[in-house]
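Peer 1: Got a sequence here, can you build the structure:
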Amino acid sequence: QVQLVESGGGLAQAGGSLRLSCAASGRTASSYAMGWFRQTPGKEREFVAAISWSGDSTYYADSVKGRFTISRDNAKNTVYLQMNSLKPEDTAVYYCAAALSGKPRLMEEYDYWGQGTQVTVSS
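Peer 2: A predicted model of the protein is given here:
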């Protein structure tokens with residue numbers, strides 16, 4: 001069992017930055033690939049970024065590539081999402097998720113989910 005708790009959301013201006021954190025608990029948390037997804041009301045949850053358990057491989061949605069950076073610190077069982085050059089369309093609830101295996105861009109591959117943290121970007 002893996003528990004995930006997101007933090008770091010809030011309000012930012014367009015062009016600004018925020019850093020999200022996802023703290024994982026559980027003996028094997030560092031063995032999981034981790035991903036960030038986001039969702040706005042009335043829309044499906046969408047992939048944002050993912051990172052392999054080792055941190056060697058990262059994946060990004062085209063909409064955030066070059067602006068967002070995912071990283072992890074396995075010693076702290078924490079995954080980060082550094083969000084720069086924020087845009088109003090980045091406004092969403094951001095969810096952290098953990099997957100033991102599978103394709104990192106697919107929501108259904110993830111086994112555990114956090115409760116989400118709200119990110120609001122004003123223009």
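
Peer 1: got a list of what the residue nearest to the spatial centre of the chain touches?
Peer 2: For the chain, Trp36 is the residue whose C-alpha lies nearest the centre (Cα atoms, centre = their mean; 2.3 Å). With contact taken as Cβ atoms under 8 Å, 6 or more residues apart in numbering, Trp36 is in contact with Leu20, Cys22, Val48, Ala49, Ala50, Ile70, Val79, Leu81, Tyr94, Tyr95, Cys96, Ala97. Heads up, the C-betas are built off the backbone N, CA and C, glycines and all.

Peer 1: Which ones among these map onto strands?
Peer 2: Leu20, Cys22, Val48, Ala49, Ala50, Ile70, Val79, Leu81, Tyr94, Tyr95, Cys96, Ala97 (DSSP state E).

Peer 1: So what's the residue count around the last one?
Peer 2: Meaning Ala97. Under the neighbour criterion other Cβ atoms under 10 Å, Ala97 is assigned a count of 25.

Peer 1: I'd assumed Leu106 was in contact with it.
Peer 2: No - assessed by Cβ atoms under 8 Å, Ala97 is found out of contact with Leu106, at 10.6 Å.

Peer 1: so who does Pro104 touch?
Peer 2: Shown in contact with Pro104 (Cβ under 8 Å, 6+ apart): Ala33, Gly35, Ala50, Ile51, Ser52, Ser57, Tyr59.

Peer 1: Who is the fourth one paired with across the strands?
Peer 2: Here Ile51 sits in beta bridges with Met34, Thr58, going by DSSP bridges.

Peer 1: I'd assumed Phe68 was in contact with it.
Peer 2: No - using Cβ under 8 Å, Ile51 is not in contact with Phe68, being 11.5 Å away.

Peer 1: picking up where we left off before, just name the closest of the contacts of Trp36 to Tyr110, please.
Peer 2: Ala97 (3.8 Å; Cβ to Cβ).

Peer 1: Mind pulling up the pLDDT for that closest one?
Peer 2: Note for Ala97: predicted pLDDT of 97.

Peer 1: and if you look at the one 10 residues further on?
Peer 2: At Met107 the predicted local distance difference test score is 93.
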